[in-house]
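Student: Just a sequence and a predicted model for now, questions to come.
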Number of protein chains: 2
Amino acid sequence: MLSDARHELDGVFHPRSIAVVGASSDKRKSGAKWVLGLKAAGYRGILYPVSSGGGSIGGMEVFTSLSAIPGDVECVIASIPARSALKLVDECIAKGVRVVQFFTAGFSETRSADGDALERAMIERARSAGLRIIGPNCIGSFCPKSGISLGPSPLGKTGSPGHVSFVSQSGGIAAKLVEYGIARNMRFAKGVSVGNSIDLDASDFLRYYANDDDTHVIGAYLEGTRNGSRLFTALCEATAVKPTVIWKGGRTEAGAEAARSHTGSLASSAPIWSAMLRQAGAIEASNLEELSDCLLLLQQLGPIRSRGVSIVGGLADGGGGISVSGSDACADNGIPVPLLHPETRQKLVELIGEVGSILRNPVDVSPAQFRGLETLYEAIRIVASDPSSDLLIIQEDVDIMHSFLGVPETRDVNAFLRELPRHIGKPLVIVLPGGSTEHHRVEAEEQLLDAGIPVFPTMARAARAIALVTQRRS
Amino acid sequence: MLSDARHELDGVFHPRSIAVVGASSDKRKSGAKWVLGLKAAGYRGILYPVSSGGGSIGGMEVFTSLSAIPGDVECVIASIPARSALKLVDECIAKGVRVVQFFTAGFSETRSADGDALERAMIERARSAGLRIIGPNCIGSFCPKSGISLGPSPLGKTGSPGHVSFVSQSGGIAAKLVEYGIARNMRFAKGVSVGNSIDLDASDFLRYYANDDDTHVIGAYLEGTRNGSRLFTALCEATAVKPTVIWKGGRTEAGAEAARSHTGSLASSAPIWSAMLRQAGAIEASNLEELSDCLLLLQQLGPIRSRGVSIVGGLADGGGGISVSGSDACADNGIPVPLLHPETRQKLVELIGEVGSILRNPVDVSPAQFRGLETLYEAIRIVASDPSSDLLIIQEDVDIMHSFLGVPETRDVNAFLRELPRHIGKPLVIVLPGGSTEHHRVEAEEQLLDAGIPVFPTMARAARAIALVTQRRS
């Protein structure tokens, strides 16, 4: 038996040993992929593949049963048919396992009486023995620091460890949040896909994350809950100490119907959810992009506040329309774009003149570049130092800059932007739209993200994320 | 003098000769960049750089004045200070020029009496002599077929000629629409940035495009108009024959204020614009992404109608949450997602079973891949043949597919998707989100776009574009 000194959910994220049950030597099967993924991710504990047929996977012996494993098993990942689930619960109890994750689907989400009954039997036996269950119908846990990758992927991608943690009722959304996150230099502490949540549910993980030192920012994808007041309490606990972003899937009637087939969730109406989230002090996202954008903004800048933003709409040429649409995007989201202080404006007029510029806020400083990059930088510094705003948004169109400035000059500007936040004493957000020079754009994005700057693909998404994060109640 | 047999605006897009005035041999200056760009774009007419200092650019003689040019000049691009603008108008008239574009800024958009007066004087002289003016404060015309690139960029990018034409009051938006369009395989017929529009304005170009055989789809970025009823009439003419997408910048008070500094436009209120656009049968976009998305959808599929869509949410694994959010995105935009016909559902159950699937619509067919790609393809074909919908949306997450299927298999699936529309008799839209394998995603996107399939980065953007295009009035 394992020591009881740890929190029972530590076994989910930092297990000393994992058995993957249903891990035959057929590498095309999910169980085998899970084992190979954990190995590739560099899992730091002891890994035991288990399958009745025995054999080996990736140089590891496959044990024929849980009981055949010589040492303790803290966590079990089950990739087995639903009909074997109850028997595995018994075996887990016999082995002293702390927590079992069921990848297995075919339970209440199929809307069958059999599925419901099976779930009830599993939970009854587990509860009486102190075994905790994640799922079924889920892809389980994720913890880069422990070398635990998410779900049955042999690639075992985790990205670098960090401080963003999440819980998701959808395995696919969890996986996509990680893949998209890795692409944006989002660094995760912990994550979990809870599926049908017959035992451990989103509320349990929200409370755990609230008390987890590695977690600074919390995100969740939820489709429904069986216990609204418990979720509300857990959310309040979380938001009291950490910014918490919730995306409720199945907001619409059509979406709610799909959610019922997906995780067996009985979804409540969108207005009730929104009111509950607002009252709990959570940030409400309405799709993957908003969830990911808010988490990225919070990872990069922490829990920011803002009374108003300055927008720089053009770095190379023709930033006028971008300035106009930046204003629209901010106004759509209730973000004040205060006029520049008269002194700031005067400095800009002296530096670059009024012709072809927009020197109010948004600011189109693009004519400055005709006098050289140093003039452009000085114009940006002047805008950044304006006392009317406490956040700076700059749109950087790499393809336009290539056309007007050249490739080396575009790299120079990007280097200048990476250093800028250190000198201006206010946070910087970069809008870096897609365009005709994708590999250059990706390079610029990686560098900016590395420098701790949040980057968004459109002004609308930047404004939305800033509004959601800065306008939360608590 | 040139023959009068052509439409006067043919001189904008198919000029037999262009003089760039203000094209000194200093390659850092805009005039020189314009000349080099036209050369790089392969302009098919005769190109004359003009600058009082003479010299040469890119192997071309720089003429010291317009009058020093030996042949006819149909179109002039002016990159000169505002103070020289009136003199150039006189020279253009003397030379028999058809149309002059002023890159030059510093007119009414600076809100000065001088700027207003100068514009009035220019237009007075030009009108009496039959000279047409584009701008000032604009980056002029664009026509890939004629080898005319947009604005003063030495790279001269045009992309392949096609059938999308646009007019923009912002040069920056026009340039970005082209750069972003080229990245998405959007192929343009014609484009023009009209800036302050003291003579030729958006209405003129909308009417021209309505009658232009090369133009099948029309887009516009507008900030305001001096003549609303004329614009309404032009819009009606355009929408009667071609789908027309209008993005009105400066929708909000903050945006309208920025627009006034930008192009001197007095913007009307957003509801008035929306009502006018709706009544004219135009599609109203509210940012660059929506404008570009609608144009791409129309380029790829033509003017589609839809009674309902089928959504395939998962190709590799975990498409449940994506199905839920796909439903939400469609419902947000008023797009019906009708339940599958019982027969279709029965076929799917027979093929892949219910466990882990969502077989209603959206459809998560991901478990099919566990039985091999052929089963996955068959499941998609069954969904595609469902009679309840007339448009199919499939989300393809390349990074998730890499994790679960492998790289070659992901390429196979993409090849299958490219062929699919030929066999199913209804249009296909692909949602291809960003993620951890950007260069593979870009490759897949290019192939799909080449195959005539519209591709969007998020379900929300796909649903929005489909709704805007299919729900237009006329």
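Tutor: Sure thing, it's come through.
Student: use CA for all of it now, contacts and neighbours both
Tutor: OK.
Student: Which secondary structure element of chain A has the lowest mean pLDDT?
Tutor: The weakest-scoring helix or strand in chain A, judged by mean pLDDT, DSSP states H and E, is strand A:358-359 (a mean of 72).
Student: helices or strands up against the helix or strand following it?
Tutor: Remark: after strand A:358-359, the chain's next helix or strand is strand A:363-364, criterion DSSP states H and E. Strand A:363-364 is packed against strand A:309-314, helix A:320-332, with contacts defined by 3 or more Cα pairs under 8 Å, 6 or more residues apart in numbering or on different chains; DSSP states H and E.
Student: how about the residues of the stretch 1-150 of chain A that lie near chain B?
Tutor: A:29, A:105-106, A:110, A:137 (Cα under 8 Å from any Cα of the partner chain).
Student: What is the neighbour count of whichever residue of the stretch 1-150 of chain A sits closest to chain B?
Tutor: Among residues of the stretch 1-150 of chain A, the one nearest chain B by Cα to the nearest Cα turns out to be A:Gly106. It sits 4.7 Å away. A:Gly106: 22 surrounding residues under other Cα atoms under 10 Å in any protein chain shown.
Student: What's the per-residue pLDDT of it here?
Tutor: Looking at A:Gly106, its pLDDT reads 70.
Student: Next: A:Lys29.
Tutor: 86.
Student: what number of residues lie near it?
Tutor: Neighbour tally, A:Lys29, other Cα under 10 Å: 15.
Student: low-scoring stretches of chain A, by residue?
Tutor: Along chain A, the parts satisfying pLDDT under 70 run over A:1-5, A:110-111, A:261-268, A:318, A:354-357, A:472-474.
Student: sorry, back to before: distance to chain B for the helices and strands packed on strand A:363-364 - can I get that in JSON lines?
Tutor: Output for these, formatted as JSON lines (distance: least, Cα to the nearest Cα, whole Å):
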{"stretch": "strand A:309-314", "distance to chain B": "8"}
{"stretch": "helix A:320-332", "distance to chain B": "5"}
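Student: got those as CSV, with mean neighbour count columns?
Tutor: Output for the helices and strands packed on strand A:363-364, formatted as CSV (neighbours: other Cα atoms under 10 Å in any protein chain shown):
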stretch, mean neighbour count
strand A:309-314, 29
helix A:320-332, 28
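Student: is it possible to export the ones you listed to JSON lines including distance to A:Ile80?
Tutor: JSON lines is the format used below for the helices and strands packed on strand A:363-364 (distance: least, Cα to Cα, whole Å):
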{"stretch": "strand A:309-314", "distance to A:Ile80": "53"}
{"stretch": "helix A:320-332", "distance to A:Ile80": "49"}
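Student: quick one, which of the ones you listed is nearest to B:Ala254?
Tutor: Comparing these by their distance to B:Ala254 (Cα to Cα), the top pick is helix A:320-332, with 5.5 Å.
Student: The closest one relative to strand A:309-314, how many degrees between them?
Tutor: Calculated by axes from the mean of the first three to the mean of the last three Cα atoms, to 10 degrees, helix A:320-332 forms an angle of 160 degrees with strand A:309-314.
Student: and helix A:320-332, what does it pack onto?
Tutor: strand A:309-314, strand A:363-364, helix A:459-470, helix B:171-183, helix B:253-263.
Student: Which of the ones you listed sits closest to A:Leu428?
Tutor: strand A:309-314 (9.7 Å).
Student: That closest one: partners in the sheet, and parallel or antiparallel?
Tutor: strand A:363-364 (parallel), strand A:391-395 (parallel) (DSSP bridges).
Student: Contact partners for the nearest residue to A:Ile322 once chain neighbours are set aside?
Tutor: Excluding the flanking residues, the one nearest A:Ile322 by Cα to Cα, 6 or more residues apart in numbering or on different chains is A:Gly313, at 5.3 Å. Neighbouring residues of A:Gly313 by Cα atoms under 8 Å, 6 or more residues apart in numbering or on different chains: A:319-320, A:322-323, A:326, A:362-365, A:394-395.
Student: ok, of the residues you listed, which one's closest to B:Lys33?
Tutor: Nearest member of the contacts of A:Gly313 to B:Lys33, counting by Cα to Cα, is A:Gly319, at 18.4 Å.
Student: closest one to A:Ala78 among the helices and strands packed on helix A:320-332?
Tutor: Among those, helix A:459-470 sits nearest to A:Ala78 (Cα to Cα), with 37.4 Å.
Student: list the buried ones in the closest one?
Tutor: For helix A:459-470, a neighbour-count test (16 or more other Cα atoms under 10 Å in any protein chain shown) marks A:459-470 as buried.
Student: now these as JSON lines including distance to A:Cys236?
Tutor: Formatted as JSON lines, the buried residues of helix A:459-470 follow (distance: Cα to Cα, whole Å):
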{"residue": "A:Met459", "distance to A:Cys236": "31"}
{"residue": "A:Ala460", "distance to A:Cys236": "29"}
{"residue": "A:Arg461", "distance to A:Cys236": "27"}
{"residue": "A:Ala462", "distance to A:Cys236": "26"}
{"residue": "A:Ala463", "distance to A:Cys236": "26"}
{"residue": "A:Arg464", "distance to A:Cys236": "23"}
{"residue": "A:Ala465", "distance to A:Cys236": "21"}
{"residue": "A:Ile466", "distance to A:Cys236": "22"}
{"residue": "A:Ala467", "distance to A:Cys236": "21"}
{"residue": "A:Leu468", "distance to A:Cys236": "17"}
{"residue": "A:Val469", "distance to A:Cys236": "16"}
{"residue": "A:Thr470", "distance to A:Cys236": "18"}
